[in-house]
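[1] Predicted coordinates and the sequence they were generated for:
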Amino acid sequence: MSSIKNLIELQNIDKQLMELEDILGDLPKKVDELILEKKQTIKSIEDGKQRIKEIQLDLNKIELRVKEDNQKIDHLKDQLFKVTTNKQYDATMLEIDYLKEQLDKDETVDIELMEEKDALVEQITKQENNVESVSKDLSERRESLEKMLQESAERKEQLESDRVEIVKSIEPQVLKRYNVVRKARHGTAVVPVLGASCSGCGAVVPPQKMAEIRSDKISYTCDECSRFLFIEK
Ligand SMILES: [Zn+2]
């Protein structure tokens, strides 16, 4: 009969192999996320800078228009002294009012654009800092990913060769059962008895079976969850 110790050791190896896969699965994902974040931030910075250019063009246009309108108003005010009829006076005043109204509108738009521009400049500064830190994080993670890949490849190889060795000492039908239970029980097929219960599912172990379990031979599996049981020493 196989020794329960061998089965425990096999499970230990399998758990380490599983952990290795988890670590390797998570890190490349994190690297991919950072690459995406960096890409999106760079795109957003470019869009922001493009918008600032557009705003600046609009601001220049407004500035020019304001200057022209002010000149027109000055000119019209000069004309007021020269008008000879009420009708001419009213028409000139109307034109001045219209231009002043336009100036007010332009001033409002000018303020809005300036505010938008300031907000964008602030946002871009933050994003540029973010890109910098993401880049740093990314290169660090890439470095550790490569290192980890190399280390874990070596470790995985060692564990797999250990597994081949330990499997030799376990009877085929026990191994088969171990693999089935392990798959069904999230990687844990061998558990200690705690008190008088299976620590995997809590089912009570019949007292007459305790002696068998204590014997170190693989003989008893939990009636409820089918896990192999042993007594921790
Ligand atoms: Zn159980």
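    Thanks, I have it.
[2] secondary structure element for the most centrally placed residue in the chain?
    By C-alpha atoms, centre = their mean, the mean C-alpha position of the chain lies nearest to E33, the distance being 5.3 Å. When secondary structure is defined using DSSP states H and E, the element that contains E33 is helix 4-80.
[3] Name the next helix or strand following that helix along the chain.
    Moving toward the C-terminus from helix 4-80, the next helix or strand (DSSP H and E) is helix 86-168.
[4] other SSEs contacting that next one?
    Secondary-structure packing of helix 86-168 (3 or more C-beta pairs under 8 Å, 6 or more residues apart in numbering; DSSP states H and E): helix 4-80. No exception for glycine: its C-beta is placed from N, CA and C like everyone else's.
[5] any idea of the mean pLDDT for the helix it packs on?
    Average pLDDT, helix 4-80: 92.
[6] The chain should start at 889 in everything you say after this.
    Sure thing, new numbering starts at 889, so read that last one as helix 892-968.
[7] between that helix and helix 974-1056, how many degrees?
    Between helix 892-968 and helix 974-1056, the angle comes out at 170 degrees (axes from the mean of the first three to the mean of the last three C-alpha atoms, to 10 degrees).
[8] V1022: what's its closest spatial neighbour, skipping adjacent residues?
    Nearest non-adjacent residue to V1022, counting by C-beta to C-beta, 6 or more residues apart in numbering: K926, 4.8 Å away.
[9] S1027 versus the one you found, what's the distance?
    From K926 over to S1027 the distance is 11 Å, taken as C-beta to C-beta, to the nearest Å.
[10] and those two? which has more neighbours close in?
    Set side by side, K926 and S1027 show more neighbours around K926, with 18 against 11, by other C-beta atoms under 10 Å.
[11] Can you give me the distance of that one to the ion?
    Between K926 and the ion the computed distance is 48 Å (C-beta to the ion, to the nearest Å).
[12] Please apply the same query to N948.
    In this view, N948 and the ion are 78 Å apart by C-beta to the ion.
[13] Next one: A979 relative to E1100, how far apart?
    Counting by C-beta to C-beta, the gap between A979 and E1100 amounts to 115 Å.
[14] And for Q1046?
    Q1046 is 34 Å from E1100, where distance means C-beta to C-beta.
[15] May I have the residues that are in contact with the closest residue in space to L912 that isn't next to it in sequence?
    Nearest non-adjacent residue to L912, counting by C-beta to C-beta, 6+ apart: S1040, 6.1 Å away. The neighbours of S1040, taking C-beta atoms under 8 Å, 6 or more residues apart in numbering as the test, are 908, 911-912.
[16] ok, now how distant is the residue nearest to the centre of the chain from K927?
    According to C-beta to C-beta, E921 stands 11 Å off from K927.
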